[in-house]
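1. Return a 3D structure for these sequence lines:
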Amino acid sequence: MTRRRPPARRRTRRPSKKQQQRDAQLIGFAMAATAAIGLMVVVVNWLLAHWWVLVVLLVLAVLAGAGWLYSRQQRAQWEAVRAQGLRYGLPQLDALHHAQFEDAIRDLMRRDGCRDAQRVGGRGDLGADVKATDPFGRRWVIQCKHRRNGARGSAVGTPDLQVLNGTARQVHGADVAVMVTNGRVTGPATDFAKQQRLHVVDRETLARWAAGSRPLWELLRAVPPPRRPTPLS
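-> Okay, the predicted model is just below:
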C-alpha cells in the first residue's frame, strides 16, 4: 500500500512593516481616544457634582468680557476727546523727526473727521505720505516735506511738486493732492501748483491749521466739491 503524503501546510504571510506601523498607530489612537473620553466623563461628573464651579467660571467670564468692553469704550472716548483738542505749534512741528511730522499730519486729518487717515510714507511711497477720506467722500493724498530748520531750511521747489502731480491722481486716485511743509515754497513751485490744481500748505497755512479747529479744506481754495451729500455739506 502506498502511503499518502500529509497535506502541505500553507505558509502565512507576515504583515509588512508599514502594516505593523499602521496597526500600532490605530491601537495608539484608540487608546488615546478611550483615555480622552474617560477623562471627559470624569470631568463632567465632577462638574455635575460641583455645579457651583461652573457658576463661578461663568461669572468670571462675564466680568472679564464686561471689563474688556468698558476699557475699549474708554479708549475710544479718550481718542475722540484727544483728537478734538489736538493742537500743534510751529516749534513743536519743527522739532519733530520727518516720520513724526507725517504722523502729526495724519492725526490732524483724523481730527478733522477723516477716520481712515493713515501714514503710508517710506521708501517706494510714490509721492504719498498720508492718505485720507474726508467726511464729504473726497480722497486726499498728502506729501510731507519737513524742514528741521523751519523757514530757514531749503525751500520746496517745483521738482517736489512734479512728483506729487505725477502720482497723486494717476496712481493714488486723489481728489485733492496736497503738499504740506513747515518750511518755504518757491514762487515757481507755487505757480506750478496753481496750474496743475495742486494745493500747497506752506508754513503760514500749516500754523493756522495745526493751531486751530478749522479743517484743512476750509483753509484751501478751489477744493473739489463733495463726492456725496453729507450732513456737513
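
2. Identify, among the helices and strands of this protein, the element with the weakest mean pLDDT.
-> Across the helices and strands of the chain, mean pLDDT, DSSP states H and E gives its lowest value to helix 51-84, namely a mean of 74.

3. which residues in this structure form helices?
-> 17-49, 51-84, 90-94, 98-111, 158-167, 187-195, 203-211 (DSSP state H).

4. Can you say which of the ones you listed is packed in most?
-> helix 98-111 (a mean of 21; mean count of other Cβ atoms under 10 Å). Yep, even glycine has a C-beta here, placed from its N, CA and C like the rest.

5. Residues contacting that one, please?
-> Contacts to helix 98-111, defined as Cβ atoms under 8 Å, 6 or more residues apart in numbering, come from residues 83-84, 86, 88, 93, 96, 117-119, 121, 129-130, 132, 134, 140, 142, 144, 146, 180, 182, 209-210, 216.

6. Among those residues, which lie within strands?
-> 118-119, 130, 132, 140, 142, 144, 180 (DSSP state E).

7. Tyr88 - nearest residue in space that isn't next to it in sequence?
-> Sequence neighbours aside, Ala210 is the residue nearest to Tyr88 in space, at 3.8 Å (criterion: Cβ to Cβ, 6 or more residues apart in numbering).

8. pLDDT below threshold where in this structure?
-> Low-confidence segments of the chain (pLDDT under 70): 1-15, 71, 73-84, 121-125, 228-233.

9. Residue ranges of each domain in it, please.
-> 18-82, 90-218 (automatic domain parsing).

10. For those domains, give me JSON lines that also has distance to Pro224.
-> Shown next, in JSON lines, are those (distance: least, Cβ to Cβ, whole Å):
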{"stretch": "domain 18-82", "distance to Pro224": "28"}
{"stretch": "domain 90-218", "distance to Pro224": "5"}
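
11. how close does His142 get to Pro188?
-> Quick fix: residue 142 is Ile, not His. Relative to Pro188, Ile142 is positioned 21 Å away (Cβ to Cβ, to the nearest Å).

12. what pairs with Ile142 across the strands?
-> Val130, Val178 (DSSP bridges).

13. show me what contacts it?
-> 105, 109, 128-132, 178-180.
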